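S.K.: Sequence and computational prediction follow.
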Amino acid sequence: MTTFDFTPLFRTAIGFDRLANALESANRSESGGYPPYNIELTGDDSYRISLAVAGFAADELDIESKDNLLTVTGKKGNEVADRKFLHHGIAQRGFQRTYQLADYVRVTSAELKDGLLHIDLVREVPEAMKPRRIEIRGADDKLIEGKVEAA
């Protein structure tokens, strides 16, 4: 197993503990898995996760968003016992997929269509968190009624 040391990346980054944990957990988790999925960038601040959940009804699927973690769970109902398969290649097992969401990313909608579960997300950064320009005053500037004037 290959291990990565992310320490050099965080020498000048403060408060990114969750990012380090996410990188470590991504390194530990298995790639691929069931069900297969896509993650798309659909706009500047919008995303879509599409999971291939053929055979699942809407009432057998559950989506939960809590503490920057999106969890999608599928639970199959009871199968008919008297069925006899010559080949059983369609997965009918339950699953649980989790996705780590960045701050200010929220789920806006979910739709089950043609065997695909589409989950739409959007990143909405509050105005107070957006970048703002900071005025720099010189040593000989003085503040007069909220305006800076050169002396």
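M.R.: Yes, it's here.

S.K.: Enumerate every residue touching the closest residue to Val72 other than its chain neighbours.
M.R.: Distance criterion CB to CB, 6 or more residues apart in numbering; nearest residue to Val72, sequence neighbours excluded, is Arg97 at 4.7 Å. Every C-beta, even on glycine, is put in place using the N, C-alpha and C of the backbone. Shown in contact with Arg97 (CB atoms under 8 Å, 6 or more residues apart in numbering): Gly33, Pro35, Tyr37, Leu51, Thr71, Val72, Thr73.

S.K.: Go again with 10 Å.
M.R.: By CB atoms under 10 Å, 6 or more residues apart in numbering, the contact list for Arg97 reads Gly33, Tyr34, Pro35, Tyr37, Ile49, Leu51, Leu70, Thr71, Val72, Thr73, Gly74, Leu117.

S.K.: tell me, how many neighbours does Arg133 end up with?
M.R.: 5 (other CB atoms under 10 Å).

S.K.: just for the protein, where's the confidence low?
M.R.: Scanning the chain for pLDDT under 70 picks out the ranges 1-4, 6, 9-32, 79-80, 141-151.

S.K.: ok, and the closest non-adjacent residue to the most centrally placed residue in it?
M.R.: Central residue check for the chain by CA atoms, centre = their mean: the C-alpha nearest the mean position is that of Leu101, 3.2 Å away. The shortest distance from Leu101 to any non-neighbouring residue, by CB to CB, 6+ apart, is to Asn68 (4.7 Å).

S.K.: where does the residue nearest to Val72 land in three-state SS?
M.R.: What DSSP: H, G, I helix; E, B strand; the rest coil gives for Arg97 is strand.

S.K.: Val107 contacts Ile49, doesn't it?
M.R.: Yes. Contact criterion CB atoms under 10 Å: Val107 and Ile49 qualify, at 9.2 Å.
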